[in-house]
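> next one to model:
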Amino acid sequence: MARDVDFSEYFAARVQRFRRVAFALCGEWHAAEDLVQAMFVQLYRRWRRVRPATADAYARRILLNLFLAGRRGAGREHVTSSVPDRESPPGRDPSLRLDVERALAGLTPRQRAMVVLRFLEDLPVSEVAALLGVAEGTVKSQTARGVEALRVALPAPTTEES
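Here you go, the predicted structure:
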């Protein structure tokens, strides 16, 4: 029972963070929810062996593996005629958010993962390299290419947005 209590506390404390990361990876809330759910199912199966100090890194690794494997349609964008079901926070231009989502969707899954991990999760190059199983130089070059692609795809900020 202590295992379930510990896992429930971890889940409650981290679910929103992982949803945000999954959304940044997938670009779609439903796919992000599926991805996070699958991640927590796998994490729960191994929860007895997970050390508290490394639980976040382990969960992040599972999330990335699921995303990069293309599970549940992650990384695919679907055009719909319906209005998004969430309103943008006050003072933020919702069109800019949509532009960023579209620009991220234009990156390869690996570049997108690197950009999200480096800038949304604020992980160092070495940790991103370890998570993805690539050299640090690959992370640096692919992140730079991804950021450049985002710069090209996104409109230049106005003085009000800067």
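> any idea which helix or strand comes after the lengthiest helix in the chain?
Identified as the longest helix of the chain according to DSSP state H is helix 2-26. Going down the chain from helix 2-26, the next helix or strand is helix 29-45, by DSSP states H and E.
> what is the following helix or strand past that next one packed up against?
As assigned by DSSP H and E, the chain's next helix or strand after helix 29-45 is helix 55-68. Judged by 3 or more Cβ pairs under 8 Å, 6 or more residues apart in numbering; DSSP states H and E, helix 55-68 is in contact with helix 2-26, helix 29-45, helix 109-115, helix 125-132. Placement of C-beta: from N, CA and C, glycine included.
> contacts for helix 55-68, please.
10, 14, 18, 21-22, 25-26, 35-36, 38-40, 42-43, 46, 50, 72, 74-75, 109-110, 113, 117, 121, 127, 131-132 (Cβ atoms under 8 Å, 6 or more residues apart in numbering).
> what's the closest non-adjacent residue to residue 25?
Nearest residue to residue 25, sequence neighbours excluded (Cβ to Cβ, 6 or more residues apart in numbering): residue 67, at 4.8 Å.
> next: residue 100.
Closest residue to residue 100 apart from its sequence neighbours, by Cβ to Cβ, 6+ apart: residue 154 at 6.7 Å.
> report pLDDT for that neighbour.
Per-residue pLDDT puts residue 154 at 77.
> separation between it and residue 27?
Between residue 154 and residue 27 the distance is 15 Å, computed by Cβ to Cβ, to the nearest Å.
> got it, and residue 121?
Computed as Cβ to Cβ, the residue 121 to residue 27 distance reads 16 Å.
> kindly list the single helix or strand of this structure that scores lowest on mean pLDDT.
helix 94-105 (a mean of 67; mean pLDDT, DSSP states H and E).
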